[in-house]
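Colleague: Starting from these lines, generate the structure:
(2 chains)
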Amino acid sequence: MPFRNLLTRPRRVPFLVLALVASLDLHAANPLKPFSRAPYLQFASPSQMHVVWRTEGPIEPMVRYGKELTNLDKDVRGGAIMVRAALGKGPSIAPKWEALRTPGNLALPKLHSAPVGTFQYEVKINDLEPETTYYYAVFDGAKRLTPEEASYRFTTHPKSGLERPVRFWILGDGGTGREPQAAVHEAMRKTVAAEKQPLDFWIHVGDMAYQTGRDVEFQTRFFEMYESTLRNSVCWPSMGNHEGATSSGKTGIGPYYDAYVVPTRGETGGVASGTEAYYSFDYANIHFICLDSHDLSRKPGDPMASWLKADLEKAKADWLIAFWHHPPYTKGSHDSDKETDLTEMRKLIMPIIEAGGVDVVLTGHSHIYERSMLMDGAYATLTVSENVILDDGDGDPDGDGAYRKSKGIKAHEGTVQVVTGNAGAPLGRNGTMPVMRRIVLEHGSVLVDVKGDTLTGRMINRDGAESDLFSIVKRGKQSLARLALPWMAPDYRKPENAPKNAAVPAVDHQAVIPPGTEWQYTFDLPIRGKEWTRPGFAADGWRTGPAAFGYGPVAFRTDVREMRRKHTVLYARRDFQIEQADRVTEMGLQIDFSDAFIAYLNGQEVARSGVSRSSGRNAQNVKVREQKGGQYFVLPDPQKHLKDGVNVLAIEAHNSSAEKVDFLLNPVLVVED
Amino acid sequence: MRTTATHLRLVALLCCATPFALAAHEGPEHEIEELTERMKKHGESAELLTERAVEYRVLGKLPEATKDLERAAALDPDSIAIQRELARVLFLGGKASEAIATVTRGLTLKTDEPTDPASLRILRAEILRSQNENKKALEDCDAALRVHKQNPEWYLLRSDLQKRLKAHKERLAGLADGIRETGAGVLEIERVEAWIDAGQFNAALISIESELADSRIKSSWLIRRARARLGLGKKAEAEEDLKNALLEIATRLNPKTPDIPLLLDKALAHELLGEKRDALRAYEEARDKGAPESVNEKIKPLEEPMSSEPAVKR
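Modeller: Next up, the predicted model:
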């Protein structure tokens, strides 16, 4: 979907450059129709592939596929397709969905927290040939829903154990819906296109749908952001803490588990996990292991660790790669020496990983790129590098040389740790993790190529530049010794009073109260209480005028200089229309103001700045705003405060003193849907 | 495996750190600061207290987490999610009876989501097991598995309780159910253990031979085969298996920082070979490195005065 990056960094006056989205009808604005979630690939093997999509309301689903784009000669349809649905409950269901609540539909497996009326179709295509490219199309009965385009294609896995060139992409902590996420994705796509070697698949190490992994957040911040890549390459997921907010590894319930189809019975190599929370799969001569580091016990003897041990006992691939969310080693935005989730992954899981001969561990969570030296046995807290580093070179084939390991899988010959939680979320660094060889505070992601006995990893930053390169070569028999005093990165001290990352709107936002909108406003509230902030309030006698409101040395669309020396508060309210509140991912207030304000959504306070206590005439400690320019406030719980139909945003804007020579209120309300 | 759920937002908060704004993500300490600031500004709420409690738990600050959750529970007494988290934190903090009382209170609350009471029961079963109240724990486990059949972990918990209660027949039947429902490999392994514990050595051996043939790393399976062979009186063959297992373990153990499952295997192999001192040393090392508390049950008999005569035994 095209991104509508319409909101620039605000300035004083005029503070916004915002192209208006004509329609306030969120549903009508959805560009993905006829899909409410466009087709994407899941769970592949040498002989099978899953194609998944969603529609608003049911269709007669069918997938046609074939080896030629113009000859899709096979199909899957009818009862062979798994259908899930969100049909809501209770009296609040819109009448148009009521008709869908038939006994048949109600018996379908249910989607967690998806908008009412959503139908998800999961098509398992069997009996495919290995290493073969197929084109596919989704149909509703006889009507083709996907265009005849070569990008709707998939390639099946090579058979397990075969040596093939393999390329995969790894990213983590991207799902913000913000510009860096889009840039990182685009940088990967351009790199892959320039090198003319497409992805075979990709791995997401979690935090794909901020803030809480709700269904609508998955839709806008993952599926829409990566749609062009999802349609022709499989994303193998691991759950981050933000998805874990609404999905449970213990029960396998939630939007994360709705979205993904992964092997649970060892269908594509490895020991059956019996759960989608952790699993493994083979691709050519690589065995991949995914763990749930978020909400399952990591203790030895408990199921996940026992499964990991059993899986490693059986793994016979040339390369072993494990991935999960919480990094065992980091000093990025998180500290693995302080946080129990991370400490336990290091203390309890890493020994099993290294005794099993794993070559590379991929993680996220910490919003930084950190890549270790070749290391083994660093399980202590605090983490030190002495006697746990087997090769302290940079791993760069053109630098200190690739890391060397023996051919095959050998215990304790060293693991490279890659923390790549830098695919979109605001970056952060707290210190230097001593085992790390490269620490890069840039947005980016990692491309890995495996060719025979050589694995090469590159961090591609948001501009497409290569910010790190390392290789591992597994050849012959290597004799590796622990280094008593290995190389160490310089100390890092976090700057005092480091500027905080400013909040910005999502890339895919639209204005529901655009700049220049007419508001009702007044300086005197004739009544007490918050009635004026609620829908249906009769604002008799209130004036109307377009934003921005202000007075001072520059001109404003609505000049309110009459406030000066008389009033310190301006009360403003504006109705707006939302058709499907359950499709709103985020609601935000982009506002320039001087000096302070309190905002209310349908009568509930949702944002406040510069007013310490109370409100209206009783407001206390109104501070002078030093900061210039607009500021973006994420309004909490839009799903709780918004309703279908008419809503109202009300703002009381305060000046710190009636004597002050200037005043400003310039609000824009945006939603991400 | 994805039945529906209308989870409360609090369920969300309990599972992770959920900073208010995307920009705010500088680790748990920073989150705690932000949440404290917000509560100063807007007053306490169950949600914010719960968010802060999660951050405290992540940092291992259990008393602070408990305090916040108790406040949150007072503000939102109908939240199962808060009760569950409070019980969990109390249990982690060693307050088992308070944790049980909290779960029991949670079970009286209404919910539309059937897995809510089921997961509460599983938590109570875990706490009861730690108190050696195995029968009561088993009742909870059975009740939970009647509602939600897809979690291998719950079958393993039940199997462990049945093992403690020597309910071999029920244990094997329960594991067969679990394997059918989930296909989990860990349940297949547990069934081999259950066969050995039940004295069904030949059934165990069929499975063990197939696993051995398919495994790159064989020591765990060699030890299991040794146990089965000992059960069948094949002492010499068992001894050979155990020695081979120890040889393989030696090549995989990191001498400075060994992994716990390997240490436990090593200890068991020594124990079965009658090498009590070596067994005790390995069990103690595993315990010191964080092995489950059940390892103490292995250590205790080995600490008794040692016989001078080493002998292979089951």
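
Colleague: okay, CA-based contacts and neighbour counts for the rest of this
Modeller: Fine.

Colleague: For the residue most central in space within chain A, give its distance to chain B.
Modeller: Using C-alpha atoms, centre = their mean, the residue of chain A that lies closest to the mean C-alpha position is A:Gly175, 1.5 Å off. Here A:Gly175 is placed at a distance of 10 Å from chain B (C-alpha to the nearest C-alpha, to the nearest Å).

Colleague: Kindly state the domain boundaries assigned to the chain.
Modeller: Using chain A. Following automatic domain parsing, chain A resolves into domains at A:21-156, A:159-482, A:503-672.

Colleague: Not quite, go with chain B.
Modeller: Domain ranges of chain B: B:1-108, B:114-192, per automatic domain parsing.

Colleague: mind checking which of these is nearest A:Leu362?
Modeller: For the domains of chain B, proximity to A:Leu362 was assessed by C-alpha to C-alpha; domain B:1-108 is nearest, at 19.5 Å.

Colleague: And that closest one, how far out from the chain middle?
Modeller: 22 Å (C-alpha atoms, centre = their mean, to the nearest Å).

Colleague: what pLDDT, on average, does it get?
Modeller: The average of the pLDDT scores along domain B:1-108 is 79.

Colleague: Show me the longest helix that occurs in chain A.
Modeller: helix A:179-195 (DSSP state H).

Colleague: Enumerate the residues of the stretch 101-250 of chain B near chain A.
Modeller: With C-alpha under 8 Å from any C-alpha of the partner chain as the criterion, the stretch 101-250 of chain B meets chain A at residues B:115, B:148, B:150-153, B:156, B:182-186, B:214-218.

Colleague: do that again at 6 Å, thanks
Modeller: Contacts of the stretch 101-250 of chain B with chain A, taken as C-alpha under 6 Å from any C-alpha of the partner chain, map to B:Glu153, B:Thr182, B:Gly183, B:Ala184, B:Gly185, B:Val186, B:Ser215, B:Arg216, B:Ile217.

Colleague: what about the fourth one, distance to A:Asp311?
Modeller: According to C-alpha to C-alpha, to the nearest Å, B:Ala184 stands 11 Å off from A:Asp311.

Colleague: Could you give the residue of the stretch 151-300 of chain B that lies closest to chain A?
Modeller: When scored by C-alpha to the nearest C-alpha, the stretch 151-300 of chain B has B:Ala184 as its residue closest to chain A, at 3.9 Å.

Colleague: What count of nearby residues applies to that residue?
Modeller: Using other C-alpha atoms under 10 Å in any protein chain shown, B:Ala184 has 25 neighbouring residues.

Colleague: And for A:Ile203?
Modeller: Other residues near A:Ile203 come to 21 when the count uses other C-alpha under 10 Å.

Colleague: secondary structure element for B:Leu302?
Modeller: Following DSSP states H and E, one finds B:Leu302 within helix B:295-303.

Colleague: Any residues of chain A in contact with chain B? List them.
Modeller: Chain A comes close to chain B at residues A:109-112, A:241, A:244-246, A:253, A:265, A:271-274, A:303, A:307, A:313-314, A:333-334, A:339-340, A:351-352, A:355, A:377, A:411, A:426, A:501, A:503, as judged by C-alpha under 6 Å from any C-alpha.
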